[in-house]
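**Student:** the sequence and its predicted three-dimensional model are supplied below.
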Number of protein chains: 2
Amino acid sequence: MTGEYVAPILTVDSVIFQITDGQLMVLLINRAAEPFKGSWALPGGYNAAGETTTEALSRVVKAKSGIEVAKLKLVEQLYTFDTVARDPRGHAVSVTYMGLGLNLEPKDSKTTQSPQFFPVKQLPELAYDHHNIISYAHDRLASKITYTNAVYALLPELFTLPQLQATYEAIFGRQLDKRNFRKKYLSFDLIKPTKQFVKLGAHRPAQLYEFNQKELTSLSRSFD
Amino acid sequence: MTGEYVAPILTVDSVIFQITDGQLMVLLINRAAEPFKGSWALPGGYNAAGETTTEALSRVVKAKSGIEVAKLKLVEQLYTFDTVARDPRGHAVSVTYMGLGLNLEPKDSKTTQSPQFFPVKQLPELAYDHHNIISYAHDRLASKITYTNAVYALLPELFTLPQLQATYEAIFGRQLDKRNFRKKYLSFDLIKPTKQFVKLGAHRPAQLYEFNQKELTSLSRSFD
DNA sequence: ACAAAAGTGTTAAGAATACACCCATGT
DNA sequence: ACATGGGTGTATTCTTAACACTTTTGT
């Protein structure tokens, strides 16, 4: 079997999220080539032989958006889709990743393709089944932040509880009760208060907190 | 880029679980070829061009164990690993799937490789990183059965509550309280009693239940 | 003094846990 | 009659949910 084996095309696609102005945003590029030339799409591209999927991810995201994957605070594999190929050779397999970061600035250049962050709530028409992939990623994110400290990857080192709550609200797409949110979140012992406060306007200053751990940590879910 | 593109080797690997004698069992084959010739391993093999990953899965599992993937009651993609190749050509990418079934009978033949079910608690030495893959699959299964009806795929159409509970216990690896288990599980409204009973020995007969739905259904998890 | 967001506690309802005896059957 | 596993209920603790006022600041 080894002799005549021909592998399918392998691609990687990335769903990169950040929070801007209290909104969950996702990175899209404008396709420069057929198919779907001119449509918005997730940054993605070929995975070559000899390259791991995360290596391909870094290369492709950098080339298409100017963003360094190494600067993302969390990268997680999502799902592998059997899909149509980017080129006419037919069937392809795409490994998708979710990345979370903060203050990411896509840079346009000769090789990039008008990379921009769009609010997840108001996406343009997208190429391929990229709507589905974004919605899969969004679900995974919403789920992940309920049983891990993954939000750390969307926040600065020091943040306030209203900021934390707003991040949860942006992801869940609904309002949470302030007192219950604080009580519950603090009970997880994932974050600790600092002695610093921020004054952000004509109102009481907010206390700054930080995460105890800046790597992914899971809480337990129980059954019995 | 399209011209000189060479794809990495793509493989599929399967973690097929079933319950036998109250134990969680996983299907392994004995590798007939190098590398790891003579070691136990998960059934897996090449994914050729023009073949979807689930098509490759069916073909490979059938060839190596005689088991029809179509007869599994639930198949779910797990994760895609960057891994060493099965042959000397270097880097490969492996898409792994979990399958759940009942009364599966691996058949040995010329093309198969001594396929057998082993208790997950007493595995032999395994090739590659297959221990990790099994443990990843086991975790996913344990998690999945806490928020979905996925156990249906490990049980017959009609089953008793003690059977259902034993299945949960086999997967969690710990005992559950009988009264609490029943109360909680029945509150999910996933199953309904039938009018039938089974007599299994010198004791009171057990009532048979059935699932309302035999497709994967999720319960909700809450945050606020 | 007023507007604006930060911060704080209590009560009620629901979920999870711990726990022990009776029931129906075969031998 | 006894051994075996099936079946059932209650009290307690913990978790979740609903809800409104005071604090600190800038203007």
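**Tutor:** Noted; the coordinates are in hand. Numbering: from 1, shown residues only, chains lettered A, B, ... in the order given.

**Student:** helices of chain A, start to end?
**Tutor:** Per DSSP state H, chain A carries helices over the ranges A:53-65, A:130-147, A:161-172, A:178-187.

**Student:** ranking the ones you listed by mean neighbour count, which comes first?
**Tutor:** Scoring the helices of chain A by mean neighbour count under mean count of other C-beta atoms under 10 Å in any protein chain shown gives helix A:53-65 as the most buried, with a mean of 21. All C-beta atoms are positioned from the backbone trio N, CA, C, and that covers glycine.

**Student:** quick revisit: so which of the helices of chain A is nearest B:Leu155?
**Tutor:** B:Leu155 lies closest, by C-beta to C-beta, to one member of these: helix A:130-147, at 26.0 Å.

**Student:** reformat the helices of chain A as a markdown table; add distance to chain B and mean pLDDT.
**Tutor:** Output for these, formatted as a markdown table (distance: least, C-beta to the nearest C-beta, whole Å; pLDDT from 0 to 100):
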| stretch | distance to chain B | mean pLDDT |
| --- | --- | --- |
| helix A:53-65 | 6 | 97 |
| helix A:130-147 | 5 | 97 |
| helix A:161-172 | 7 | 98 |
| helix A:178-187 | 6 | 97 |
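
**Student:** those helices: which one's closest to DNA strand D?
**Tutor:** helix A:178-187 (3.8 Å; C-beta to the nearest atom of the strand).

**Student:** that closest one - contacts with which helices or strands?
**Tutor:** helix A:161-172 (3 or more C-beta pairs under 8 Å, 6 or more residues apart in numbering or on different chains; DSSP states H and E).

**Student:** can you list the domain ranges for chain A.
**Tutor:** Chain A breaks down into these domains under automatic domain parsing: A:9-146, A:149-211.

**Student:** ok, back up a step: quick one: the helices of chain A as JSON lines, columns for distance to A:Gly201 too.
**Tutor:** Converted to JSON lines, the helices of chain A look like this (distance: least, C-beta to C-beta, whole Å):
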{"stretch": "helix A:53-65", "distance to A:Gly201": "33"}
{"stretch": "helix A:130-147", "distance to A:Gly201": "27"}
{"stretch": "helix A:161-172", "distance to A:Gly201": "12"}
{"stretch": "helix A:178-187", "distance to A:Gly201": "17"}
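
**Student:** highest average neighbour count across the domains of chain A?
**Tutor:** The most buried one of the domains of chain A (mean count of other C-beta under 10 Å) is domain A:9-146, showing a mean of 18.

**Student:** and that one, how far apart are its ends?
**Tutor:** 35 Å (C-alpha to C-alpha, to the nearest Å).

**Student:** cool, and stretch A:106-118?
**Tutor:** First-to-last residue span, stretch A:106-118, C-alpha to C-alpha: 12 Å.

**Student:** does chain B have contacts with it?
**Tutor:** No: Stretch A:106-118 lies apart from chain B when judged by C-beta under 8 Å from any C-beta of the partner chain; the minimum separation is 11.5 Å.

**Student:** other residues contacting that stretch?
**Tutor:** If you take C-beta atoms under 8 Å, 6 or more residues apart in numbering or on different chains as the criterion, stretch A:106-118 is touched by A:18, A:20, A:25-32, A:40, A:43, A:63-67, A:104, A:124.

**Student:** apply 6 Å and report the result again.
**Tutor:** The contact list for stretch A:106-118, computed with C-beta atoms under 6 Å, 6 or more residues apart in numbering or on different chains, reads A:Met25, A:Val26, A:Leu27, A:Leu28, A:Ile29, A:Asn30, A:Ala32, A:Ala63, A:Lys64, A:Ser65, A:Gly66, A:Ile67.

**Student:** do the same with stretch A:22-41
**Tutor:** A:16-18, A:43, A:64, A:113-115, A:117-120, A:124, A:126-127, A:130, A:134, A:166, A:170-171.

**Student:** so which residues on chain A come close to DNA strand D?
**Tutor:** A:Asp177, A:Lys178, A:Arg179, A:Asn180, A:Lys183, A:Lys184, A:Lys199, A:Gly201, A:Ala202, A:His203, A:Arg204, A:Pro205 (C-beta under 7 Å from any atom of the strand).

**Student:** ok, of these, which one's closest to A:Leu57?
**Tutor:** Distances from A:Leu57 to the residues of chain A next to DNA strand D, taken by C-beta to C-beta, are shortest for A:Lys184, at 34.2 Å.

**Student:** which stretches of chain A have low pLDDT?
**Tutor:** A:1-3, A:85-89, A:220-224 (pLDDT under 70).
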